[in-house]
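J.: Let's see this in three dimensions:
(one chain, ligands or ions: 1)
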Amino acid sequence: MATILVTGGGRGLGRATAEKLAGAGHHVVLHARRAEAAEAAAAAIRAAHPDARVTPHAADLSSMASVRSLAAEVLAAHERLDAVLHIAGVMQQSAARRLTADGYEETLAVNALAPFLLTGLLMPALERAPAGRIVNVSSRRHLPGSHGAAVDLDLDDPMLEHGYQPDRAYKNSKLALLWVTYEQARRTSGRTVTANAVCPGFVPLTASDSAHGLTRLLMRTVLVRMPFAVSVGAATDSFAFMATDRSLDGVSGRFYGEQQPIESSPDAHDAARAARFWSLAEELTGFRWPA
Ligand SMILES: NC(=O)c1ccc[n+]([C@@H]2O[C@H](COP(=O)([O-])OP(=O)(O)OC[C@H]3O[C@@H](n4cnc5c(N)ncnc54)[C@H](OP(=O)(O)O)[C@@H]3O)[C@@H](O)[C@H]2O)c1
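T.: Numbers count the residues shown, from 1 in each chain. Purely as a prediction, here's the structure:
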């Protein structure tokens, strides 16, 4: 059975995925923002599955120092990781741009810089597994034409000092995470570790947790019943598939939907911009991946 780090395991799809994987017999290294949330999730999973192996860890992924502490703690506690499943993510609701302790726009920090840094630091544990997997949770919302603000990641203004909109920040961060995924796949090519990205589809039930008022109500009552809505069960099946299914052995550099490869945007395949973002991520996180 595999040892799998699940970020965002305190609630939402991360919490449900952690339970699914632990219930199937895998050792889940469960991350949540706060220690109490990680411990409560681990205790609830153990109560439902008495044989479950769940080890809680906490870190605020908006802070690069906190990401570094998490990585050090995980490396000290777990010799090897078979998969790192980056489920934690943020979709801001307020029109006001939020900056992190490091001075970075929060959405980019949590959704792209934290997975970049955490994976980089955890590579020794992934390399100790026979076939370590990096699984980055991106979103089809990065595709051109997805509703709302246009995806528009200006690498001269990655923190959206100009033209900030929560939706744009989210889409930009998920595009950046695809760039990171494809570059990770390139850099791990010919080695045992693979890197892929996944979109769970639109899951109104968990997405509603970050929404307010009427939108929240609409998501929970109407949108959950729509044919395009994905259930929590189907979304967590997708994540479990990415982390454990043997048919993905050796598969790297792909974007998946419901257990099938899907297309990412032409922008996501722009190697020059991906390389620029990679350098920027190295600079902003202070972490240089081995070439
Ligand atoms: N639901 C959808 O329709 C949908 C569609 C496409 C992609 N996705 C992606 O799927 C992933 C999970 O979505 P979800 O619906 O489960 O979202 P969610 O219910 O909002 O859960 C988000 C998770 O991320 C954690 N998180 C946010 N900021 C954090 C921080 N600074 N430090 C540590 N943890 C932090 C949250 O922890 P706290 O409890 O501490 O806030 C929570 O566990 C996200 O990456 C999302 O972008 C979702």
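J.: Tell me the pLDDT of the residue of the stretch 101-250 of the chain found nearest the ligand.
T.: Closest approach between the stretch 101-250 of the chain and the ligand, counting by CB to the nearest ligand atom: Thr206, at 3.2 Å. Any C-beta I mention is one placed from the backbone N, CA and C, and that applies to glycine too. Listed pLDDT for Thr206 reads 90.
J.: Surely it is in a helix?
T.: Yes: the assignment for Thr206 (DSSP: H, G, I helix; E, B strand; the rest coil) places it in a helix.
J.: what about it, neighbour count?
T.: 19 (other CB atoms under 10 Å).
J.: Not counting its neighbours along the chain, what's nearest it?
T.: Nearest non-adjacent residue to Thr206, counting by CB to CB, 6 or more residues apart in numbering: Gly12, 4.1 Å away.
J.: Distance of the one you found relative to Ser210?
T.: 9 Å (CB to CB, to the nearest Å).
J.: more neighbours, those two?
T.: Each of Gly12 and Ser210 has its neighbours counted (other CB under 10 Å); Gly12 has more, 21 against 16.
J.: isn't that one right up against Ser208?
T.: No: Gly12 lies out of contact with Ser208 (CB atoms under 8 Å); the separation is 9.9 Å.
J.: Quick one: residues contacting the residue nearest to Thr206.
T.: 87, 206, 209 (CB atoms under 8 Å, 6 or more residues apart in numbering).
J.: what do you get if the cut-off is 10 Å, keeping everything else the same?
T.: 87-89, 203, 205-210, 232, 235 (CB atoms under 10 Å, 6 or more residues apart in numbering).
J.: Pull out the buried residues from these.
T.: Neighbour counting by 16 or more other CB atoms under 10 Å classes 87-89, 203, 205-208, 210, 232, 235 among the contacts of Gly12 as buried.
J.: Kind regards, and thank you for your time.
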